[in-house]
Structure formats: structure tokens, C-alpha cells
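Asker: Sequence plus the predicted model coming up.
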Amino acid sequence: MELYYSFSLLIVLATVFEYINYRLLKLPSTIGIMVIAIFVSVLLILFGEHFLPKTTNHLHRLISSVDFAEVLMGAMLNFLLFAGGIHVNIKDLKQQMRPVIIFATVGVIISTFAVGIGSYYLLPLVGVKIPLIYCLVFGALISPTDPVAVLSILKKANVSKSLETKVAGESLFNDGVAVVMFTVILQLAVGKEVDLTVENIFMLFFKEAGGGLLLGVILGYVASNAMKDIDDYILSVLVTLSVVMGGYLVAHSLHLSGPLTMVAAGLFMGNFNRKFTVQSISRDYLIKFWELIDEIMNAVLFLFIGFELLLIKNLNDYLLPGALCIITVLLARLVSIYIPTKLMERRHRFNPQTIKVLVWGGIRGGVSIALALSIPKNDYSNIIISITYCVVVFSIVVQGLTIGKVASPHKIAQEEEKAGMAVEESGV
């Protein structure tokens, strides 16, 4: 019953915060819920022990009793990525596949080392010293753009279709590279022996990412065939739920990437399953069901992110290092976008406005916090969690609320069209 009470309380709080946001703040729902949760957390930290000790202790126990890393990476993320994947048009993704793949691989690698090295040399300026290997751990966990945050915010941002596909596609696929890099670097940091040969790392990535994508396609194909002759929306919903929940169990047992499995399954079913592509009662129910799941999971997730502040010790001591890391991460994001665009400039033209939106649209979220919380407790884990939290909150609130203004859709569309015409005329 304890689990039921905890989940019930989270749903009630998410509903209350969303209602307050709807009536007063009028921010995008996920950002509004997180902002209110942070505000409540700050009030409880400052005054809770004096005025509401029982409430403060109960909420603190609730948040601390939940393994955020396991709940997000092992449960919520699967639903959210599948729900996001079914809404991505694979034809649009094919047109942007080359930039998406390069940003999700080369870009993540560049960002990891840029953040790690930058943090190693800059943090001592504000009195924080972290070994280079742990700075690289921080670089690995903060480099992937968060698919949940990006997809939920892009829905409200007025950006061009091609640009939305680039940003969303990168966020959906960069988890595989990021998790492999994080796993390898963290094992080095905690003293475990790791075979660092190029062949071993490539095979680890190939198994984790490639195997996850292949499993997702297989699951999507099997489920689509099973649903082909079904004229029952309830059974159709149950089949999709089984793909997500059972698919993760299979991926986990085979040591494959669960997130990429869900992305591939969602993409396949959203584009090749007649229940999702042909207008019908079943399609309406399926789409509405997964939109509802998406909204509920997002509300609870961003509520969690806001309340994670209660678990961070001495956050005030790390606000200045956190601010420095925000600048470092943004500069690293600029480098990790600029270099790949130069590598692709023979086939793809990226104007300065597009690069600016790609940089500012690289939003970090719950995945980074979950990875930070998975670091074994040591002298540097609390520091990394604190600066990660600062970067994530800034990213979601500031970048999330301003990405629509940063993106000038008409200008971007016109400049991309001109760039495309120039490429066609040059015969490249």
C-alpha cells in the first residue's frame, strides 16, 4: 500500500501544481509544475522545520524513498520515448538522418570532452576541485539532450519542421552513445578494469545501441502484425502497453538499450502500423491514450525534478560552480554543434540562425539527473549532483521558455530554402 499512497500523493500534487500554473503562471505545463515544485522545496528548506515539520519530513521521506534513476531509466522513460516516437514522421526523419546521426554521436563525444576538460580547469577558480576523470563523468552525463524535455517543450515552440526534426531526432537517438560513454568513464573513475580498445568500445556501443534499435523494430513489426486484423481498441491499447513494458524487460535481460528499443518500436508502429496511420476509432483511442500517458508521466517527472532539490545537501555552496558549469555546457554545446556542421557543409548548409537554435535547443533534463544520482557515493558525487541540478533547471526553465523566441521560424525557413536551392544549383 505504501507504493499506492506515494503514487497517489504525487498525482495529487502534480494536479494541484498544474491547476495553479494554469490559473496563475500560464507557463508550459511541465515547466510550470517544476517551477512550483522548486518554489515549494525552497520554502520547505527555509521554513519547513519550524512551521510544517511533519509535512516536510513526510515529503522528504517520500522523495528519498524513490530511486529516481531506476524509476526514470527503468520505467517512465520507456513510456515517454514510445509516446514520442509514434508522433515522429519517419519521412521527415529520413531527410534529416545524416545530421541527426552525426549530432547524436560525434556531437555527444565532442561535448563530453569539452565539458569535462573545461570543468576541470574552470571549477578550481571558484574553489571546487574535481579530478579530471570525474569531470569527464560529468561531461558524459550532461552532454545528451533529454528527449523528454525536448519533445515536451518543442510542442509549444514555434520552430520550422526541419529544425524540429533535427533537434527531436538528436534527442531521441543520443542516449545510446551517452550511456556507453558514461558507463565506461564511470567504471574507470571507480577503479574498475575496463578494456579501452577501440574494438571493445565499438562492440559495446554496437550491442547496446544497435541491438536496442533492432529489438525495437522487431517488437514493432510483431505487434503491428498482431494488431492487423484486430478491430478492438482496448486490445490494441493492451498490445502497445505490452510492447513498452515487456519490451523493456527483454532489452534489460539482453543488456540492450531500453530507451533506443522504445524509440525504434514507437517509430515503427507510428509510421507502419495501420492502427496509427489510418483514420479509425482505434487510431483515435490509441493516439489519445498515449497522449494522456505522455502528459501524466511528464507531470510526475517534472514534479520529481523540482522536489529533488530537497535531497541536495548544501546546494548554496554550489550555486556559483553551477553557474560556471552552465556557461561551460553551453560553450561545449556550441562547439559540439559547430564542428559537425562544418563536417557536413558539403551536403547540408547550416545558417547561423539554425546553429543558434540547435545550440539553445539542446535542453538537459531528468536523464542527466538520473545518471548523476546513479554515481556511487563518494567525495565528488554530491558536487556532481548539485551542479547537474543547476544546469538542468537552467536548461529547462530559461532555455525551454525562450527557445520559441530564439527561433525565428519564418527567417529560418526562408534561409534554409535559399541554402537548399544553392546546393541544388551547385549540383552537390
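Answerer: That came through, no problem.
Asker: can we go C-alpha only for contacts and neighbour counts from here?
Answerer: OK.
Asker: just so I have it, where are all the helices in the stretch 251-400 of the chain?
Answerer: 258-272, 274-277, 281-307, 319-343, 352-360, 366-373, 381-394, 400-406 (DSSP state H, counting those that start in this stretch).
Asker: Tell me which of the ones you listed approaches residue 115 most closely.
Answerer: helix 319-343 (5.8 Å; Cα to Cα).
Asker: thought residue 126 was touching residue 321?
Answerer: Yes: in terms of Cα atoms under 8 Å, residue 126 counts as a neighbour of residue 321; the distance is 6.4 Å.
Asker: out of those two, which sits in the more crowded spot?
Answerer: Between residue 126 and residue 321, counted using other Cα atoms under 10 Å, the more crowded position is residue 321 (22 against 11).
Asker: pLDDT wise, what is that one at?
Answerer: We have a pLDDT of 95 for residue 321.
Asker: does it really touch residue 129, like I thought?
Answerer: No: taking contacts as Cα under 8 Å, residue 321 lies outside contact range of residue 129: 10.3 Å.
Asker: Quick check: neighbours shared by the two?
Answerer: Common neighbours of residue 321 and residue 129, counting by Cα atoms under 8 Å, 6 or more residues apart in numbering, are residue 123.
Asker: give the contact list for the most centrally placed residue in the chain.
Answerer: Nearest to the geometric centre of the chain sits residue 146, at 1.7 Å (Cα atoms, centre = their mean). Residue 146 makes contact with 171, 172, 362, 363, 364, 365, 366, 367, 368, according to Cα under 8 Å, 6+ apart.
Asker: For the residues you listed, which single residue is the most surrounded?
Answerer: Using other Cα under 10 Å as the neighbour criterion, residue 363 leads the contacts of residue 146 with 31 neighbours.
Asker: Now whichever strand or helix holds residue 7: buried residues?
Answerer: Per DSSP states H and E, residue 7 falls inside helix 2-20. For helix 2-20, the buried set under the neighbour-count rule, 16 or more other Cα atoms under 10 Å, comprises 10, 11, 13, 14, 15, 17, 18, 19.
Asker: Tell me the one of those residues nearest residue 201?
Answerer: In terms of Cα to Cα, no member of these lies closer to residue 201 than residue 10, at 39.8 Å.
Asker: count of residues packed around the closest residue in space to that closest one that isn't next to it in sequence?
Answerer: Nearest residue to residue 10, sequence neighbours excluded (Cα to Cα, 6 or more residues apart in numbering): residue 300, at 6.6 Å. Counted with other Cα under 10 Å, residues neighbouring residue 300 total 22.
Asker: How about residue 82?
Answerer: Other residues close to residue 82 by other Cα under 10 Å number 28.
Asker: Can you tell me how far it is from residue 257?
Answerer: In this view, residue 82 and residue 257 are 13 Å apart by Cα to Cα, to the nearest Å.
Asker: looking at it, residue 240 is touching residue 223, isn't it?
Answerer: Yes: assessed by Cα under 8 Å, residue 240 is found in contact with residue 223 at 7.4 Å.
Asker: Pick out whichever of these two has more residues nearby.
Answerer: A count of neighbours by other Cα under 10 Å puts residue 240 above the other of residue 240 and residue 223, at 23 against 19.
Asker: Next up, identify which helix or strand that one is on.
Answerer: helix 233-253.
Asker: Give me the packing partners of that helix, helices and strands only.
Answerer: On a contact count with 3 or more Cα pairs under 8 Å, 6 or more residues apart in numbering; DSSP states H and E, helix 233-253 meets helix 77-85, helix 211-227, helix 258-272, helix 281-307.
Asker: Which positions within the last one qualify as buried?
Answerer: Yep, that's helix 281-307 we're talking about. If you call a residue buried by 16+ other Cα under 10 Å, then helix 281-307 has these buried ones: 282-283, 285-287, 290-291, 293-307.
Asker: Please apply the same query to stretch 393-400.
Answerer: 393, 394, 395, 396, 397, 399, 400.
Asker: of all the buried residues of helix 2-20, which two lie farthest apart?
Answerer: 10 and 19 (14.1 Å).
Asker: surely residue 110 meets residue 340?
Answerer: No: in this structure, residue 110 is not within contact of residue 340 by Cα under 8 Å, at 9.4 Å.
Asker: out of these two, which sits in the busier spot?
Answerer: Legend: neighbour count by other Cα under 10 Å for residue 110 and residue 340, higher for residue 110 (22 against 17).
Asker: Secondary structure element holding the more buried one?
Answerer: Taking DSSP H and E as the definition, residue 110 sits inside helix 108-122.
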